[in-house]
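Undergrad: have a look at this fold, sequence not included:
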């Protein structure tokens, strides 16, 4: 397995996933609730930043590997889904929002896999809409993890509004990808 900076960043992101979740399981005597929120927010934000850099570095310095191309989207989806499950358990997001976002990730991943099998993966490649959806999720989730008011700013309310916007973009992007794939899905094969 080739080890380079982008691959290390991807692995670091994967390692941070249980840390984001685990911080909420620490006893309050070890870490008070506000510090749990702050720590989870900081870890998720750091993981999101590594996501931005690993792909950039891999492309710019020709360090892309097949393993990295596989692990990068898996790490992203695991990170988002794990954070959504934590937020759901904490009562900070609605079940419908979590279902929409996680369901979209499963649907689009399966769609991309199927499109690769039929040789049409380019038609459902990541585009600006998918990137916008990801950015909105990567902003909304740490805000919801932080949750506490900040200098009188209602962070929880802002996070809730942002996650609903992210869910709307999530649905829109899913239907966009399905529309692009429809000619292949409806080609009369089984």
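TA: That came in fine, so what should we check first? Note that this is a predicted model, so its numbers are computed, not measured.
Undergrad: local confidence estimate at residue 189?
TA: We have a pLDDT of 50 for residue 189.
Undergrad: typed the wrong thing, it's residue 54
TA: 90.
Undergrad: in whichever strand or helix holds it, which residues are buried?
TA: Using DSSP states H and E, residue 54 maps to helix 33-60. Buried positions in helix 33-60, judged by neighbour count with 16 or more other CB atoms under 10 Å: 36-41, 43-48, 50-51, 54-55, 57-58. C-beta: built from backbone N, CA, C; applies to glycine.
Undergrad: what helices or strands is that helix leaning on?
TA: helix 5-22, helix 66-89, helix 128-146 (3 or more CB pairs under 8 Å, 6 or more residues apart in numbering; DSSP states H and E).
Undergrad: and the angle from that helix to helix 128-146?
TA: Using axes from the mean of the first three to the mean of the last three CA atoms, to 10 degrees, the inter-axis angle of helix 33-60 relative to helix 128-146 is 160 degrees.
Undergrad: please renumber the chain so that the first residue is 9 from this point on.
TA: Happy to do that; since the first residue is 9 now, the last one works out to helix 41-68.
Undergrad: neighbours of residue 194, how many?
TA: Residue 194 has 8 neighbouring residues, counting by other CB atoms under 10 Å.
Undergrad: and for residue 23?
TA: Count around residue 23 with other CB under 10 Å applied: 11.
Undergrad: tell me the confidence at it?
TA: 95.
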